[in-house]
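1. Quick check, what structure comes out for this input:
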Amino acid sequence: MNLPESCKEKQNTFDARTLYFVIFVDEEIMVEILNNLDDSMDELVAQQKFKDWVEMEDFLDVQYQSRLEIILRGKSSSIDDLKSEMKNRIMERKQRLFNHLKQTFQKGEI
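-> The predicted model follows:
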């Protein structure tokens, strides 16, 4: 079994006091995570007031990364543990969400 590089590093730094559990995120779990993240971001946007899209995008970018990392940690994983295909999928989904939010913001619906 080929472990991601971050797991190999953790494996090499193992000592008697430390035990690492890494859950590999499969397709089903990733869909669940991204759906929850989309819902979370929609709720967040509804609660905020922004002057312009740039301000909103900067805020959302930080929030997206933070919330994704928190969700993954809750599943005993991290972005570093994901395969590149999963990382690309996250980036594509984030871009779609941001495009949708930008259009909604520009129409004045936010």
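
2. Quick one, grab the pLDDT at the residue nearest in space to the middle of the chain.
-> Within the chain, one residue has its C-alpha closest to the average C-alpha position: by C-alpha atoms, centre = their mean, that is Leu68, at 2.8 Å. Per-residue confidence (pLDDT) for Leu68: 94.

3. give the contact list for it.
-> When contacts are counted by C-beta atoms under 8 Å, 6 or more residues apart in numbering, Leu68 touches Ile33, Leu37, Ile79, Ile90. (C-beta placed from N, C-alpha, C; glycine too.)

4. can you map out the helices along the chain?
-> All helices of the chain, identified by DSSP state H, fall at 5-12, 27-47, 53-74, 84-106.

5. So, low pLDDT: which residues of the protein?
-> Along the chain, the parts satisfying pLDDT under 70 run over 1-24.

6. Distance check, the closest residue to Gln48 other than its chain neighbours against Ser76.
-> Distances taken as C-beta to C-beta, 6 or more residues apart in numbering place Phe59 nearest to Gln48, at 7.2 Å, with adjacent residues excluded. As judged by C-beta to C-beta, to the nearest Å, Phe59 and Ser76 stand 28 Å apart.

7. again, but for Glu43
-> According to C-beta to C-beta, Glu43 stands 25 Å off from Ser76.

8. tell me the two of the contacts of Leu68 that are most distant?
-> Leu37 and Ile79 (12.4 Å; C-beta to C-beta).

9. so what's the backbone phi/psi at the nearest residue to Leu72 once chain neighbours are set aside?
-> Excluding the flanking residues, the one nearest Leu72 by C-beta to C-beta, 6+ apart is Ser78, at 5.3 Å. Here is the backbone geometry of Ser78 (degrees, to the nearest 10): phi -160, psi 170.

10. can you count the residues close to Ser78?
-> Ser78: 15 surrounding residues under other C-beta atoms under 10 Å.

11. try the one 4 residues further on
-> By the criterion of other C-beta under 10 Å, Leu82 has 19 neighbours.
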